[in-house]
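1. Attaching a predicted model along with its sequence, questions to come.
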Amino acid sequence: MPEPELQCDGTDEGSRLAVRVLPRGSRDELVGVRDGRLCVRTTAPPVEGAANSRVVAFVAKTLGFRRSSVRVDSGERSREKMLAIAGVGPEEVIAAVRAALGR
């Protein structure tokens, strides 16, 4: 079965990564790729930006990027978000996601 295609686009500043946030989980973890989006489970509730902050910090740490280079670019009030990752090309982001997922 082919691996789902991860939506990650290059920008002038770096990359944009599509994610789907699953709040109020039992632990922070990368679940996999579904419909082109990286699924991220987080323990934080979707209240007052808590889940956004937690997801940004977790994704940065898990993929090996600086926390200051990752931010929510769009979808602040949605489960489906675009994360902007400064200074990193889409190929490097995709490779980091595959490594983190063990693929």
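-> It's in.
2. count of neighbours near the closest residue to Val56 other than its chain neighbours?
-> Closest residue to Val56 apart from its sequence neighbours, by CB to CB, 6 or more residues apart in numbering: Val70 at 5.1 Å. All C-beta atoms are positioned from the backbone trio N, CA, C, and that covers glycine. Using other CB atoms under 10 Å, Val70 has 24 other residues around it.
3. who does the longest strand along the chain pair up with?
-> If you go by DSSP state E, the chain has its longest strand at strand 14-22. Note on strand 14-22: by DSSP bridges, its sheet partners are strand 8-10 (antiparallel), strand 37-41 (parallel), strand 80-86 (antiparallel).
4. Run the chain-centre distance for the second one.
-> To tie it back to what came earlier, the one meant is strand 37-41. Mean C-alpha position of strand 37-41 versus that of the full chain (CA atoms, centre = their mean, to the nearest Å) differs by 6 Å.
5. And the most centrally placed residue in the chain, what's its pLDDT?
-> The residue lying closest to the centre of the chain (CA atoms, centre = their mean) is Val19, at 4.8 Å. Val19 carries a pLDDT value of 98.
6. Give the closest residue to it in space, chain neighbours not counted.
-> Leu38 (4.8 Å).
7. count of neighbours near the one you found?
-> 27.
8. With the one 5 residues further on instead?
-> Here the number of neighbours of Thr43 (other CB under 10 Å) works out to 15.
9. I'd say it and Glu29 touch.
-> No: applying CB atoms under 8 Å as the test, Thr43 and Glu29 come out as separate, 9.6 Å apart.
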